[in-house]
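# predicted model and sequence below, questions to follow.
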Amino acid sequence: MMDTTSRASTTPALGVREGAGSGATVKSQRELDFMWEAGQIVGLTHKVLRAAVGAGVTTGELDAIAEREITALGGKLAFKGYHGFPGTLCVSVNSEIVHGIPGSAVLKEGDVVGLDLGAIVGGLYGDAAITVPVGVVSAELTALLETGEAGLWAGIAEVRPGRRIGDVSAAIQAEVERRGDYGIVREYVGHGIGTQLHEEPSVPNFGIAGRGPLLRTGMAIAIEPMVNLGTHETRLLDDDWTVVTADGLPSVHFEHTIIVTDGDPLITTKVD
Ligand code: MG
């Protein structure tokens, strides 16, 4: 497994630091089938969580729902205990970017809440994140949510054999920057995925087209843009997990797990 250290480098994290260079492994069909099953459990759990989000709900209640759903669907919990993370779900509210610890915090109208979760089936992983508005949010936050999600889809559109990680990165960056003066997080990035939650290569949300590891059929990556309303700079809270924006402005996070095929990319964590 690659180093999954956080900004402090002594602290493990559920995201990956930018920097790894080599490519992803090509999976067997049996492995890809398990990845699909794990991804569908993640997607179905997100559906339940999205419906459960509302003013007055605690982040700990969402965590309990995630644990119950993943388990009921036959998955194992990918995040709980990962480098000691205490939850099933990373719940990151407003200025929290990623790795928020679920607990007694109460959601309120106008918040945005990031829900990042993973599941394991047959030893293979699925990993995805959504950010959901709590009730009615400001026009500024609505645009931020749309931008984060559009950045993810722009990246996914580049997942084809023969393209490079830099094509994915550049497409995300171009889509986000086209929509406004947003901060794209640099220090935490997407990643290869398979028999480990985090595999090579790292998949930055900014970069130069034509550079980086080559994508081949049977590889799998998790693409996960984190987009801030203000600066791209981050800060780690004293709990050694929660990553927040340096300026305290809100942030959103969207992620899917994607398999490279000969045709359109297969998004394991998407459910209809
Ligand atoms: Mg991830």
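In hand now; what should we look at? Numbers count the residues shown, from 1 in each chain.
# starting at the chain centroid, how far to stretch 221-239?
11 Å (Cα atoms, centre = their mean, to the nearest Å).
# change the start of the numbering to 583 and stick with it
Let's use 583 as the start, then, which means that last one is stretch 803-821.
# wait, a helix at residue 763?
No - with DSSP: H, G, I helix; E, B strand; the rest coil as the criterion, residue 763 is coil rather than part of a helix.
# how many neighbouring residues does it have?
Neighbours of residue 763 under the rule other Cβ atoms under 10 Å: 8. To be clear about C-beta, it is placed using only N, CA and C from the backbone, and glycine gets the same treatment.
# with adjacent residues omitted, what lies nearest to residue 850?
residue 621 (2.6 Å; Cβ to Cβ, 6 or more residues apart in numbering).
# per-residue confidence for residue 653?
Listed pLDDT for residue 653 reads 98.
# if the closest residue to it other than its chain neighbours is in a bridge, with which residues?
The spatially closest residue to residue 653, leaving aside those adjacent along the chain, is residue 659, at 7.4 Å (Cβ to Cβ, 6+ apart). On the basis of DSSP bridges, residue 659 is bridged to residue 701.
# helix, strand or coil for the residue nearest to residue 850?
In three-state terms, and counting by three-state DSSP, residue 621 is helix.
# can you list the residues of the stretch 733-854 of the chain near the ion?
residue 804 (Cβ under 5 Å from the ion).
# in the stretch 733-854 of the chain, what residue is nearest the ion?
residue 804 (4.3 Å; Cβ to the ion).
# just confirm that residue is within a strand.
Yes - in this structure, residue 804 lies within a strand as judged by three-state DSSP.
# no further queries at this time; thank you.
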